[in-house]
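K.L.:
Test case, fold it:
(2 chains)
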There are 2 protein chains.
Amino acid sequence: MNSGQKLWHEAKQIIPGGGQLLSKRCERFLPDQWPAYYNRAKGCEVWDLDDNRYIDFAQMGVGACILGYADDDVNAAVTDAIAKGNMCTLNAPEEVELAKTLVELHPWAQMARFARTGGEACAVAIRIARAASGKGRIAFCGYHGWSDWYLAANLSENSSLDGHLLPGLEPHGVPRGLTASALPFRYNNLDDLEELMAKHDDIGVIIMEPQRGSAPDPGFLEGVRAIADRTKAVLIFDEVTSGFRMNLGGIHMTYGVEPDIAVFGKALGNGYPIAAIIGRRQTMNAAQSTFISSTMWTERVGFTAALATIEKMRANNVQQQLIAFGERLNAGWEALALKHGLSIHVDGIPPLTHISFNHPDANALQTLYTQEMLYRGYLVGAAVYMTAAYSNAVLDAFIAESDPVFGTISKAVKDGNVHALLKGPEAQTGFKRLT
Amino acid sequence: MNSGQKLWHEAKQIIPGGGQLLSKRCERFLPDQWPAYYNRAKGCEVWDLDDNRYIDFAQMGVGACILGYADDDVNAAVTDAIAKGNMCTLNAPEEVELAKTLVELHPWAQMARFARTGGEACAVAIRIARAASGKGRIAFCGYHGWSDWYLAANLSENSSLDGHLLPGLEPHGVPRGLTASALPFRYNNLDDLEELMAKHDDIGVIIMEPQRGSAPDPGFLEGVRAIADRTKAVLIFDEVTSGFRMNLGGIHMTYGVEPDIAVFGKALGNGYPIAAIIGRRQTMNAAQSTFISSTMWTERVGFTAALATIEKMRANNVQQQLIAFGERLNAGWEALALKHGLSIHVDGIPPLTHISFNHPDANALQTLYTQEMLYRGYLVGAAVYMTAAYSNAVLDAFIAESDPVFGTISKAVKDGNVHALLKGPEAQTGFKRLT
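P.N.:
Predicted structure coming up:
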């Protein structure tokens, strides 16, 4: 057993679930074999506790590290902020600078608030939106974190979140008083949303990821915007995952549809905890009619990291790089699939691309891919977040290393012995099996 | 107008309320005159945007910076973590080390979870406690942050939070379905709690600050513990403010009463965002029956800062210093009051002491104290958090500078011209007036 797996087993005795994030659980990648912990990370390279080196083609910090791990420029800004004191009784001026920067990038927005995590920022946005609209019920689409307001969706019908979060999620510990307070609609399905709005005149908030996986059908986002306008609901775009990948800001700018509030996290600070809620002045001012306040939201590093990250993304036109890298990776995968007679499906925006095998035993094939690539020095998951730390050479090398592995997978499919080649259990995908 | 006030006025146009924390709003200290923003901070010294230097006798980062601003040892550990990559697809081993450290410090606890802010950590604790008890209603005492579950207390009777949070708080944006889901009991009043429990057999969670302000009456905390045991409610001690001040961990250890869950924040990471939820194995395992997950909770700096902070507090016996400093400050204030014929009230634990003037115009007197001390190079609020960055010399100098100011206040009281001496409006104290 590697040192990481040993520590992971210890961790599960002392931390429920082993860690703080479902998407970083070893079992979701490669049970019993995943290196679990890192000693150091730089660019797109990761060294585990046994000093094995990997190239990260999995998540790059679950999408947080767009510029790469330990980016020199962001770290220089953060180190300076730390030396000058990261916390004080007085406020950090970088907070105001970040607010200005974000509203400049999004001309429809005039005000900003900040939090430290994406889930927290969504909860802040929901509070402000409910206060602004004066109506408490929520229509939602997509994933929005762990908070009560969102998990409440599963109180009335516990499959409500299946298409949005993970199958099998039970909302234990979410108060029953929230039953039917958050109602789902399907992506690219305006009829769903129309039906909800017709049925409930107290829906004051529509929250959705503007894109996750497939692109919006023509007119879909515009249709949602029109419904929100007509019903006087506050429209929130949750850009925690989609933000800063296709352009310098929310992906909604690519589609030309403007929300009333947008929420950012993950990539905003290149891995340093910072999240933002931006919105129209009239909507955001509702924050003044309620209580939204937290000590750690005032800390300096988060603002500093976000400013340095945005500056570097802008200077280097990083989003264009990410798109080109994603397209190169997708083309490489498609070519390998063709060569080896495998059927795959590639989905998502190029900067956040997903691969899946079209096969009844798809998950076993994916696990085999992860396993074989691990021993070739790559961390691989089904989702790959692009990073500016990649290069064409890194991508081409990844595809070159994937070539014989696709060959192995193809042969295993033909021989019908995929499971025999797995050195441990299959990756876990649902929610229930992980707990 | 100083540079800080200029920026603060700009901030209010772009950030609802001006900042992320009520307790850092300029109006709460000295409207129009407070320096508002810092350029750098070190030890207990702060430099504002105009490079004026102050000694912080206000909040030391709202209680976060127990070791002082930009502490060399904590910063060395953090700088190293940053160089080695603060975020990765793999987990940070420091997460497990911090979990071990916290349960070692609190032998009644066996498991830990982490978040980044105190309010968020309380919401996690509430989720786990509700899931563990299977009962949704909450009895609470004290302040527990901005989350829906807590503000819900003001839905049924909007004075419920008056003694706990701030008067005049309206819970706009909190869903009506949570009405009567959180019910207050008064500190040092077991009858209150008994009455609640008798009235509602679905109270599954009792959450309180074990001490805030006055000490617990003998038997009070023990009585709460007994009620929780009898009714099978999960008892949560919110130690976000009280933790790591009187001893190396929760203040509940000083009183010898153990909760089922304890929550830490603020001082835990000396100003770096990190919060912890620790608890008994049986209770904490309920986290596995629900969904509690966030990307930024996995970030390395938070864990690293907490480990370095705890190590230094332990090595230097910091809590004993904080107690001694607080007692020295209180004695100094009492002596000055006697000398100048002022009646004051000193409250709280020595490491977090509060001064108030016994006078019908107490707030004006307090504002005058803050104003006059500001021009002598001190940031002063009604609450003073002790820091290891103080020394007897720093405390004695503060009292020496306060001497003529107490003289000014005393004379103003006699002359009846306190308001004439104020160069700006009085400090704001309630909630409503701030929004």
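K.L.:
quick check, the lowest-mean-pLDDT helix or strand in chain A touching chain B?
P.N.:
Here the helix or strand of chain A ranked lowest by mean pLDDT, DSSP states H and E is helix A:153-156, holding a mean of 82. No. Judged by C-beta under 8 Å from any C-beta of the partner chain, helix A:153-156 makes no contact with chain B; its nearest approach is 9.1 Å. Yep, even glycine has a C-beta here, placed from its N, CA and C like the rest.
K.L.:
buried residues in that helix?
P.N.:
A:153-155 (16 or more other C-beta atoms under 10 Å in any protein chain shown).
K.L.:
CA atoms only for stretch A:78-93, dumped as CSV, please.
P.N.:
Extracted in CSV, the C-alpha atoms of stretch A:78-93 (Å, rounded to 0.1, in the frame of the first residue of the first chain):
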residue,chain,number,x,y,z
VAL,A,78,0.1,36.5,-2.1
THR,A,79,3.6,36.3,-0.4
ASP,A,80,3.6,40.1,-0.4
ALA,A,81,0.2,40.3,1.1
ILE,A,82,1.2,37.9,3.8
ALA,A,83,4.3,39.9,4.7
LYS,A,84,2.2,43.0,5.0
GLY,A,85,-0.4,41.2,7.2
ASN,A,86,-3.2,39.1,5.8
MET,A,87,-5.7,40.1,8.5
CYS,A,88,-6.3,43.3,10.5
THR,A,89,-8.9,45.2,12.4
LEU,A,90,-9.0,47.6,9.4
ASN,A,91,-10.2,46.4,6.0
ALA,A,92,-8.0,45.3,3.1
PRO,A,93,-8.1,47.9,0.2
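K.L.:
does chain B sit close to it?
P.N.:
Yes. Stretch A:78-93 lies within reach of chain B by C-beta under 8 Å from any C-beta, at A:78-79, A:82-93.
K.L.:
low pLDDT regions in chain A?
P.N.:
A:157-168, A:430-435 (pLDDT under 70).
K.L.:
picking that back up, which helices and strands sit right next to the least confident helix or strand of chain A?
P.N.:
On a contact count with 3 or more C-beta pairs under 8 Å, 6 or more residues apart in numbering or on different chains; DSSP states H and E, helix A:153-156 meets strand A:182-184.
K.L.:
so how far is whatever helix or strand comes next after the strand it packs on off the chain centroid?
P.N.:
Once strand A:182-184 ends, the next helix or strand along the chain (criterion: DSSP states H and E) is helix A:190-199. A distance of 27 Å separates the centroid of the chain from that of helix A:190-199, by C-alpha atoms, centre = their mean, to the nearest Å.
K.L.:
so what are the domain limits for chain A?
P.N.:
Domains of chain A are assigned by automatic domain parsing as A:3-70+A:317-421, A:72-316.
K.L.:
any idea how far residue A:172 is from chain B?
P.N.:
4 Å (C-beta to the nearest C-beta, to the nearest Å).
K.L.:
just checking, that residue is part of a helix?
P.N.:
No. Per DSSP: H, G, I helix; E, B strand; the rest coil, residue A:172 lies outside any helix segment and is coil.
K.L.:
pretty sure it is touching residue B:290, no?
P.N.:
Yes. Contact between residue A:172 and residue B:290 holds when scored by C-beta atoms under 8 Å: they sit 4.3 Å apart.
K.L.:
ok, those two, which is more surrounded?
P.N.:
residue B:290 (22 against 19; other C-beta atoms under 10 Å in any protein chain shown).
K.L.:
these two touch, right, the more buried one and residue A:174?
P.N.:
Yes. With contact defined as C-beta under 8 Å, residue B:290 reaches residue A:174; the gap is 7.3 Å.
K.L.:
Next, give phi and psi for residue A:260.
P.N.:
Main-chain dihedrals, residue A:260, degrees, to the nearest 10: phi -90, psi -30.
K.L.:
about what we covered before: for the domains of chain A, could you give me a markdown table that also reports distance to residue B:256?
P.N.:
Shown next, in a markdown table, are these (distance: least, C-beta to C-beta, whole Å):
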| stretch | distance to residue B:256 |
| --- | --- |
| domain A:3-70+A:317-421 | 24 |
| domain A:72-316 | 28 |
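K.L.:
follow-up on the earlier one: hey, what's in contact with both of residue B:290 and residue A:174?
P.N.:
A:151, B:127 (C-beta atoms under 8 Å, 6 or more residues apart in numbering or on different chains).
K.L.:
How about the residue of the stretch 251-400 of chain A found nearest chain B, nearest residue that isn't a chain neighbour?
P.N.:
Closest to chain B within the stretch 251-400 of chain A is residue A:271: 3.1 Å, counting by C-beta to the nearest C-beta. Distances taken as C-beta to C-beta, 6 or more residues apart in numbering or on different chains put residue B:87 closest to residue A:271, at 3.1 Å, once the chain neighbours are dropped.
K.L.:
which of the domains of chain A is buried the deepest?
P.N.:
Mean neighbours per residue, mean count of other C-beta atoms under 10 Å in any protein chain shown, is largest over the domains of chain A for domain A:72-316, with a mean of 22.
K.L.:
got the end-to-end distance for it?
P.N.:
Taking C-alpha to C-alpha, to the nearest Å, the first and last residues of domain A:72-316 lie 14 Å apart.
K.L.:
In chain A, what residue spans correspond to strands?
P.N.:
Listed in chain order, the strands of chain A (DSSP state E) span residues A:38-42, A:45-48, A:53-57, A:111-115, A:137-141, A:182-184, A:203-208, A:234-238, A:261-264, A:275-279, A:344-349, A:352-357, A:378-380, A:383-385.
K.L.:
Need those strands in CSV (columns: distance to residue B:119).
P.N.:
CSV is the format used below for the strands of chain A (distance: least, C-beta to C-beta, whole Å):
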stretch, distance to residue B:119
strand A:38-42, 29
strand A:45-48, 33
strand A:53-57, 32
strand A:111-115, 10
strand A:137-141, 20
strand A:182-184, 21
strand A:203-208, 20
strand A:234-238, 20
strand A:261-264, 17
strand A:275-279, 14
strand A:344-349, 33
strand A:352-357, 30
strand A:378-380, 34
strand A:383-385, 29
